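A.B. asks: Sequence plus predicted model, see below.
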Amino acid sequence: MDTSPSKKQKASWVTLHFDGGSNPNPGLSGGGWHANDDEGEEIAYGYVFVGECETNNVAEYTALVAGLGAMKNLKVENLCVKGDSMLAIQQMNLNWKVKSDNLIPLNKQATKLSEAFSRITFRHVKSEHNDRADKLSHVARNLRTTKVFYNKT
């Protein structure tokens with residue numbers, strides 16, 4: 001008899017990758033994010049146009065907030081957030097203080113959205129492990145628009 005927990009009994013995790021960018025900094029800014037289930041299947045992705053003259057850090061946080069909002073809409077319970085912004089990750093882990101006036105409201109939004117999840121972790125990844133989110137941030141800047149796509153509900 002198989003006594004291992006069934007798939008439904010195991011706590012499933014969703015991984016959310018986010019990235020933001022500005023060109024120049026400050027400048028034309030956008031953010032991108034995508035989420036994968038615990039089997040690696042992409043369940044949602046999106047990009048957000050941030051503005052004509054915003055900083056890279058504002059774009060990073062805006063992408064994070066957009067991704068967290070989408071995960072809340074999907075009623076995700078356990079979320080592992082990965083990004084290449086050391087600043088955003090360290091601030092969300094409460095290791096660094098939020099000092100910039102333009103980041104305080106975005107950090108508060110991200111923190112409030114984080115309360116929607118049973119478990120949430122924030123992990124820093126190298127840029128080369130965040131390529132899809134980076135590409136989506138470029139789409140936002142190039143098209144100057146915001147979109148969300150749900151692949152699975």
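C.D. replies: Happy to help now that I have it.
A.B. asks: Give the buried residues for the longest helix along the chain.
C.D. replies: When the chain is parsed with DSSP state H, its longest helix is helix 56-73. Neighbour counts over helix 56-73 (16 or more other Cβ atoms under 10 Å) mark 56-72 as buried. Where you see a C-beta, it was placed from the backbone N, CA and C, and this is true even at glycine.
A.B. asks: Please save the CA atoms from that helix in CSV.
C.D. replies: This file holds the C-alpha atoms of helix 56-73, laid out as CSV (Å, rounded to 0.1, in the frame of the first residue of the first chain):
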residue,chain,number,x,y,z
ASN,A,56,14.8,51.2,-12.0
ASN,A,57,13.9,50.6,-8.4
VAL,A,58,10.4,51.9,-8.9
ALA,A,59,10.0,49.7,-11.9
GLU,A,60,11.2,46.7,-9.9
TYR,A,61,8.7,47.3,-7.1
THR,A,62,5.9,48.0,-9.6
ALA,A,63,6.5,44.6,-11.2
LEU,A,64,6.6,42.9,-7.8
VAL,A,65,3.3,44.5,-6.8
ALA,A,66,1.7,43.6,-10.1
GLY,A,67,2.8,40.0,-9.8
LEU,A,68,1.7,39.7,-6.2
GLY,A,69,-1.7,41.1,-7.1
ALA,A,70,-2.1,38.5,-9.9
MET,A,71,-1.1,35.7,-7.5
LYS,A,72,-3.7,37.0,-5.0
ASN,A,73,-6.3,36.9,-7.7
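A.B. asks: which residue sits closest to residue 120, ignoring its sequence neighbours?
C.D. replies: For residue 120, ignoring the flanking residues on the chain, the nearest one in space by Cβ to Cβ, 6 or more residues apart in numbering is residue 79 at 4.8 Å.
A.B. asks: Tell me the helices and strands packed up against the helix or strand residue 120 falls within.
C.D. replies: Element membership of residue 120 [criterion: DSSP states H and E] is strand 119-124. Contacts defined by 3 or more Cβ pairs under 8 Å, 6 or more residues apart in numbering; DSSP states H and E place strand 119-124 against strand 78-83, helix 86-92.
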